[in-house]
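*Asks:* quick one, fold the following:
(2 chains)
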Amino acid sequence: MNRTHISIAARFMAWLAPLALALSACNLEKEITIELPEYNARPSVECYLEAGKPFFLLMTKTAPYFEDFPTLDDRFLQNILEDSATVVIRHNGQEYPLQNRLSFNPFTGKLYNYFSAVPVPEDYEHDFELSVVTKTGKTITATTRLLPRVPIDSVVVQFAPNDTLARVLTYFTDDRSQTNYYRRMLHKSTLDSIPLQDFTVDDSFSETARFVFGTNYEFAEGDTIINTLFHISRAYNDYFDSVQTAFFSNGNPFGQPSPIQSNVRGTANAIGIFTGLNYDRVTTIVRR
Amino acid sequence: MQFLTRLILLPLLLASGALMAQQRYTISGEIKDAGNGETLIGATVTVRGQGTGATTNEYGFYSLTLPAADSVLLEFSYVGYQTELRSVSLQKPLIINVELSSGIQMEEVVVKANSFREKARSVEMSVEEIKAADVKLLPVLLGESDILKALQLKPGIPSGSEGTTGLFVRGGGADQNLILLDEAVVYNANHLFGFFSTFNTDAVKDLKLYKGGFPAQYGGRLSSVIDVKLKEGNSKKWAATGGIGLIASRLTVEGPIEKDKASFMISGRRTYFDLITRGVNSANKDNANYSPIPDYYFYDLNTKINYDLGERDHLYLSGYFGRDVFGFDGDFFNFNFNWGNATGTARWNHVFNPRLFANTTFTFSDYRYNISNKLTGFSFDLGSSIRDAALKTDFFYAVNPRHTLRFGAALTHHYFQVGRLKAGNRDGSIAFSSGQDFNGLEGALYVADELDLSEKTKLNSGLRLSGFTNGDRFYANAEPRVALRHTLSERLTAKASYARMFQYLHLVANAGVSLPTDIWYPSTDRVPPQRSDQVAVGLSYLLGNQYLITLEGYHKYLHNQLEFVDGARLFANNNLEDEFAIGRGRSNGLEFSIEKETGKLKGWIGYTLAFARRSDFKTLSPDRPFAQQTPFRPIYDRRHDVSIVAFYELSRKISFTATWVYGSGDLRWMPSGRFTFQDVEGGSFQAVVPDYLDRNTFRLPAFHRLDLGMVLKFYPRRGESDLTFNIINAYDRRNTFFIYLEPEFNTVTDAFGNTFEVPKRIAAKQVSLFPILPSITYNFKF
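*Replies:* This is a model prediction of the structure:
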């Protein structure tokens, strides 16, 4: 080996290495024009039944991915909502027709276009059946059942040793005699904020009936923590997971896309979810 | 099946007749490199003036049976080496070991033409070979010479996403490649998510890739066999080779333990990103707002010892250990992600007599990944592994110069740990766990016969009987193999082959990208073995003395192909089989190449036209969905693939290389529609959620790239060195790594002063991996 060669190489590399890295970081993303496969719009349904609360259903229109978004004018809602359908929910011999009218739930901040003021009966033994006939005569059907609430047993706040930050442990008890699905949400301060945790899980995860969800040491004294534990159906678990998977697959080169897993059927080829919803919610203020 | 049975038995009958003729004696021995004692694979020994000859097997052993004669002139030759002539009197069996000296010679053109002629005449088809010396000349990413990346320049071997080393051979998946390193299986030959392979070119002697026409001694994967042989170590003198590059350095040291009897080789490589990042972290450790940069590095270590136990016995021991390590250490949180392979081989060659040679090998393979995550008082561990212990033996019996028999057996024990998860706190009040363990036993018996039916026609027929069990189900299968070569003229050869393969191990992985968290899963009662039937036909034409033109077509049927159900849950799932769907596949294509191996300008041009499809998938679990009912194409269904590789030796000191590749874009599963998801109270409203329908209907833009290299060689008093300059992506083409669809929003304020985001339009964005990338590497040898 010749010292001159080593010297040349060392100087070249000292200059080249940062240049190579800098070049590699610049301008590797750009907008392009592409054509996606052909797409026929279809209805999208969301209907969550909560015992003692009115029947609410939201039905919107899907659209081809690159189609222009409707402008924010007086036709905006007409362009995004699937109206003029006949919607009926049947339960234990009773029929509950839902009116096609725009309803805003001030407590949840959610919007629906089909509504019945009659409260959802608290019945865990019989199915609820959804029947929709769209304005073009297509059908949408689905079946679900209410699930009992699974209460949060306790919420424990633990401060890190020699630190001002705390973590929160949420305990509940699972019924080991059947397979259960849960959706866990954790908010800080208000339910309008983006959840710190939001995921679904089935109960095969734990070896014992006592479940716990935890957090990092990230909460300061005085923070308000809102814990919500939903006891959900398998269908809702699959639907929610598929929506998350679809959402996060876009932009992830390692992602595995998936079609939306709906429990709605019928000739309308709709997507969506018709499910019972039951949850426990505990608000905790972080204190030593 | 009857036809195949007769085809297999015919050679044995012919053999017994041939033996009744005049007195014949066998010449056998080894052919080695005079400079370092390495055995030469595929070296030729011919009888001058007769055309009769033999080639060395993968252990450097040859055997040639001839009629007794007072004088026989033998010619020993190998590409890049000086031919040696030996005149012998053949009145009894002889052992002739020959050492050939390397160097440029007057007859180089003739030798290389002979090499092409041998390649054309060989009954083997659908084979690609690449020399380590050529690989080092090719321009490569960040100067890291990579033998698997070089293979992707050959026809029929497209890569996965740009820059990665995943191989999708003739429409087969990334798990359908059997990668052997000194006969031990390497389960994941990738560093850094596939940007580099685990093979250190300095340690590799030979690499052969079979795309079809698989010899009967190979089995267990459907689409390819990549047989990598390590160097044995210089048995003549001490030598060292190495290099210093932009991201890694390497060193190989080899030498005799006992001259001409025993030698060793040890070869290592390591990246040094982490040395820089640790320095930066250390300099900022007092900065409370500073977020430390995680560590990342990888390393490889290859070792080999070989020992001549006598004229008839040779012992080899080799090992490989490699790891990728990614880690982060904080005050309350630390994270460690590591993955890698370990392999070990103990091999014994024994010559029973001049015609019968045996190789017995014990191998060990281990691939594992582990993710561990510790928060204060809480820990999380996730990992998977596959571990093999295998014993195999292969016999070569040279019945006569026209007839070679090969037979053997293999037994492998597999141990799988699938999706092992343990999480919990220190006091045990919180505990989660999942995972499955499997044991599997895979075995095979095979017999193969290579027979010259006539001067112009050669037949290679074989039968492999393979089996697998993991305790709950036993699978046994027959795998016939046939290959035929017919010489139409001095320059034109026609070939055809058929091979049935079975695969008992399956990779649970994302289809297009190699990830270290990919899991190997055994065949079980519910998961049947995969099967392929491949037919290939081809023509080889020797144009002048310098060009070899090859055209080959193939058709492959695939059965019991694995895909995942919609929304498959692959992590920490104790019922992974519920996420599988089983279906069929088909692929066909045409591969064309023209090669030139002589003169100042050398290289090849390759073109592949290929089609692949999948269909009829049924889920193993009835309540898991697989919405795709119509046939679809896998994402690596690349329609056109072109590679042009050129080496130009301007002088002894300066050479240039250029590679240009073009490929139709891969397929992607893109959404065709969108919808709005309101969610429940507390959930996040999502204005735009993709609605995915049919799989893989969107074709990415075509990619093409020009890479340039220049090697400046220096010849100091001792040894050799060079500076290798590379420019990857010389015309700065921004090839697509992936595309995503980004909604753009307008901010709107209502009458009450509330602001909210309203979607305005969707923009398609393309992400590329790298722009023009120069690099330099300093290499040395002494």
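
*Asks:* excluding its backbone neighbours, what's nearest the residue in the stretch 501-650 of chain B that chain A sits nearest to?
*Replies:* Taking C-beta to the nearest C-beta, chain A has its nearest neighbour within the stretch 501-650 of chain B at B:Gly567, 4.2 Å off. No exception for glycine: its C-beta is placed from N, CA and C like everyone else's. Nearest residue to B:Gly567 in three dimensions, chain neighbours excluded: A:Ser258, at 4.2 Å (C-beta to C-beta, 6 or more residues apart in numbering or on different chains).

*Asks:* circling back to that earlier point, wait, what's in contact with the residue of the stretch 501-650 of chain B closest to chain A?
*Replies:* A:238, A:241-242, A:245, A:258, A:261, B:625 (C-beta atoms under 8 Å, 6 or more residues apart in numbering or on different chains).

*Asks:* and it, that's in a helix?
*Replies:* No: going by DSSP: H, G, I helix; E, B strand; the rest coil, the assignment for B:Gly567 is coil, not a helix.

*Asks:* the strands in the stretch 1-150 of chain B, which residues?
*Replies:* Along the stretch 1-150 of chain B, counting by DSSP state E, counting those that start in this stretch, strands occupy B:24-33, B:44-47, B:53-55, B:61-67, B:69-77, B:84-90, B:94-95, B:98-100, B:127-130.

*Asks:* closest to the centroid, which residue in the chain?
*Replies:* Let's take chain A. When chain A is reduced to its mean C-alpha position, the nearest residue by C-alpha atoms, centre = their mean turns out to be A:Phe240, at 5.1 Å.

*Asks:* nope, chain B
*Replies:* Centre-most residue of chain B, counting by C-alpha atoms, centre = their mean: B:Ile226, 4.3 Å.

*Asks:* measure that residue to B:Leu207 for me?
*Replies:* Using C-beta to C-beta, to the nearest Å, one gets 7 Å for the distance from B:Ile226 to B:Leu207.

*Asks:* shared neighbours of these two, which are they?
*Replies:* Common contacts of B:Ile226 and B:Leu207 (C-beta under 8 Å, 6+ apart): B:Leu151.

*Asks:* quick check: the residue of the stretch 101-250 of chain A nearest chain B.
*Replies:* For the stretch 101-250 of chain A and chain B, the shortest gap (C-beta to the nearest C-beta) falls at A:Thr108, measuring 3.8 Å.

*Asks:* was I right about that residue contacting B:Asp679?
*Replies:* No: counting by C-beta atoms under 8 Å, A:Thr108 sits too far from B:Asp679 to count as a contact (10.0 Å).

*Asks:* wasn't the residue nearest to the centre of chain A part of a helix?
*Replies:* Yes: judged by three-state DSSP, A:Phe240 forms part of a helix.

*Asks:* after the strand or helix carrying A:Ser131, next one along is what?
*Replies:* Secondary structure assignment for A:Ser131, by DSSP states H and E: strand A:128-133. Where DSSP H and E defines the elements, the next helix or strand beyond strand A:128-133 is strand A:139-144.

*Asks:* so which elements touch that next one?
*Replies:* Counting contacts by 3 or more C-beta pairs under 8 Å, 6 or more residues apart in numbering or on different chains; DSSP states H and E, strand A:139-144 packs against strand A:43-49, strand A:128-133, strand A:271-276.

*Asks:* run through the bridge partners of residue 130.
*Replies:* All of this refers to chain A. Beta-bridge partners of A:Leu130, counted by DSSP bridges, are A:Ile89, A:Ala142.

*Asks:* try chain B instead
*Replies:* Taking DSSP bridges, one obtains B:Leu207 as the residues bridged to B:Ile130.

*Asks:* check contacts around it.
*Replies:* B:147, B:150-151, B:154, B:207.

*Asks:* and with 7 Å instead?
*Replies:* When contacts are counted by C-beta atoms under 7 Å, 6 or more residues apart in numbering or on different chains, B:Ile130 touches B:147, B:150-151, B:207.

*Asks:* so what's A:Phe211 up against?
*Replies:* For A:Phe211, the set of contacting residues under the criterion of C-beta under 7 Å, 6+ apart consists of A:171-172, A:174.

*Asks:* tell me the bridge partners for it.
*Replies:* Listed beta-bridge partners, A:Phe211: A:Phe172 (assigned using DSSP bridges).

*Asks:* pLDDT wise, what is the residue nearest to B:Leu773 when sequence neighbours are not counted at?
*Replies:* Spatially, and ignoring its direct neighbours in sequence, B:Leu773 is nearest to B:Ile728 (4.3 Å; C-beta to C-beta, 6+ apart). Note on B:Ile728: pLDDT of 89.

*Asks:* what about B:Ile728, distance to B:Asn359?
*Replies:* 40 Å.

*Asks:* repeat for A:Val120
*Replies:* 75 Å.
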